[in-house]
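Colleague: Take a look and give me a structure for this.
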Amino acid sequence: MTIPATALSESSPAGSDNIALGDNVIRTYKTQNREILEVDHKYESSGQDADMGKHKKVSLIEQADLGTGAVGKPILGAQTVSAKAELVFTDEDNNDIQLTSAGKVNLSQVSLASVAGIMALIYPVGSVVTLGVSTNPATLFGVGTWSAIAGKVIVGIDAGQSEFDTLDETGGAKTHTLSSSEMPAHSHGFTAYSPGSARGAVASAFDSQYSDIISTSTAGGSSAHNNLQPYIVKYCWQRVS
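Modeller: The predicted structure is shown next:
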C-alpha cells in the first residue's frame, strides 16, 4: 500500500488561523483523501467518468482472526492460517470457511453434494460417455443411473435420411448375405463340345446321339460377408435418469 504523501490533521486549521488559509487546507484535504481512496480504486485528481470509484483490485490485510460476523453481515478477509494469509469466510456463528490453501482453491471445503451438483450439470440425462475403464459412470461421477451401450456404434441424427432420423433408433448388422436382387449383374462362361472332337471313342459315341453338350461352372458359397467398419472397442454408457 502506498502511504499518502500528505498527512491528515483533523486539528488543522486552528480556530485562530487566518481565514484566508482555508482554501489551501481544503485542497490539502482533497489531495490526502484522494491518495487514500485511490488505493485499489479508480480515483482521478480531477474530472469524472463512469468508472470513478470502481475497484481495480481488492487488497486484504492479513490478521490472526477475522472476528465473528453478524446477522446479514458475514466477513470475508485474509486470515493467518499456518503462518500464511488465506482467504477466509466467517459467518455470524463464527464458522470459518477457508477458501484457499497454499495458493490454490481449498478443495477440502467442497462437499460431495456440491460436486455431484456440478457433475449433474455436465452430464444431464441423455448424456453418452465413452470410457477406457469398466467402472460405471455413477461411481466415477457420483450422479445418475447409467445404461451400457453394447455392440453398437453411434451416429449423428440426420432428419434428411430415413435410417438416422430418429433419436435412439437402432439398425444395421455385423454380417449380411446377399439376395439375388442385391448381386451385381454378371455372366457365366460355358464349355460346348461338338461330335467328333478329340475326347476319345466313348465320348464320340455319346456325341453321336447329341449335337452339343454345354456345361457351366458353379461359383460362390452363399455365405454372409463381413459388414463391419474399422473399429476400436471402448465402454459406452448413456445416462437414463
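Colleague: from here on, contacts and neighbour counts on C-alpha atoms
Modeller: OK.
Colleague: Got the domain ranges for this structure?
Modeller: Under the assignment automatic domain parsing, the domains of the chain span 1-59, 63-110, 122-172+231-241.
Colleague: Kindly reformat those as a markdown table containing mean neighbour count, mean pLDDT and distance to E182.
Modeller: Supplementary listing: the domains of the chain in a markdown table, determined by neighbours: other C-alpha atoms under 10 Å; pLDDT from 0 to 100; distance: least, C-alpha to C-alpha, whole Å:
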| stretch | mean neighbour count | mean pLDDT | distance to E182 |
| --- | --- | --- | --- |
| domain 1-59 | 12 | 82 | 74 |
| domain 63-110 | 15 | 93 | 62 |
| domain 122-172+231-241 | 13 | 93 | 16 |
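Colleague: Now the ones you listed in CSV, please, with extra columns for distance to S179.
Modeller: Below are those laid out as CSV (distance: least, C-alpha to C-alpha, whole Å):
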stretch, distance to S179
domain 1-59, 76
domain 63-110, 62
domain 122-172+231-241, 16
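Colleague: Ok, which of these comes nearest G189?
Modeller: Of all the domains of the chain, the one in closest proximity to G189, counting by C-alpha to C-alpha, is domain 122-172+231-241 (35.3 Å).
Colleague: ends of that closest one, how far apart?
Modeller: 14 Å (C-alpha to C-alpha, to the nearest Å).
Colleague: Helices of this protein, start to end?
Modeller: Secondary structure of the chain by DSSP state H: the helices cover 22-37, 112-122, 137-141, 201-207.
Colleague: wait, which of these is closest to N227?
Modeller: Evaluated with C-alpha to C-alpha, the helices of the chain place helix 137-141 nearest to N227, the distance being 30.8 Å.
Colleague: Work out the gap between that closest one and the centre of the chain.
Modeller: Taking the mean C-alpha point of helix 137-141 and that of its whole chain, the gap between them comes to 16 Å (C-alpha atoms, centre = their mean, to the nearest Å).
Colleague: OK, contacts around the residue nearest in space to the middle of the chain?
Modeller: Within the chain, the residue whose C-alpha comes closest to the C-alpha centroid is I122; the distance, by C-alpha atoms, centre = their mean, is 6.8 Å. Residues near I122 by C-alpha atoms under 8 Å, 6 or more residues apart in numbering: none.
Colleague: and what of V143?
Modeller: Neighbouring residues of V143 by C-alpha under 8 Å, 6+ apart: A116, M119, A120, P137.
Colleague: close enough to count as contact, the first one and T139?
Modeller: No - with the criterion set as C-alpha atoms under 8 Å, A116 and T139 do not qualify as a contacting pair; they are 10.9 Å apart.
Colleague: mind checking pLDDT for S204?
Modeller: At S204, the predicted lDDT confidence score is 54.
Colleague: Format the helices of the chain as TSV; extra columns: distance to E163.
Modeller: Compiled in TSV, these are given as follows (distance: least, C-alpha to C-alpha, whole Å):
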stretch	distance to E163
helix 22-37	68
helix 112-122	29
helix 137-141	29
helix 201-207	58
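Colleague: among these, which is nearest K174?
Modeller: The stretch from those with the least distance to K174 (C-alpha to C-alpha) is helix 137-141; that distance is 27.6 Å.
Colleague: CA atoms only for that closest one, dumped as PDB, please.
Modeller: What follows is helix 137-141, C-alpha atoms only, in PDB (Å, rounded to 0.1, in the frame of the first residue of the first chain):
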ATOM      1  CA  PRO A 137     -20.100 -43.700 -14.500                       C
ATOM      2  CA  ALA A 138     -22.500 -43.400 -11.500                       C
ATOM      3  CA  THR A 139     -19.400 -44.400  -9.400                       C
ATOM      4  CA  LEU A 140     -17.000 -42.200 -11.300                       C
ATOM      5  CA  PHE A 141     -19.100 -39.100 -11.500                       C
END
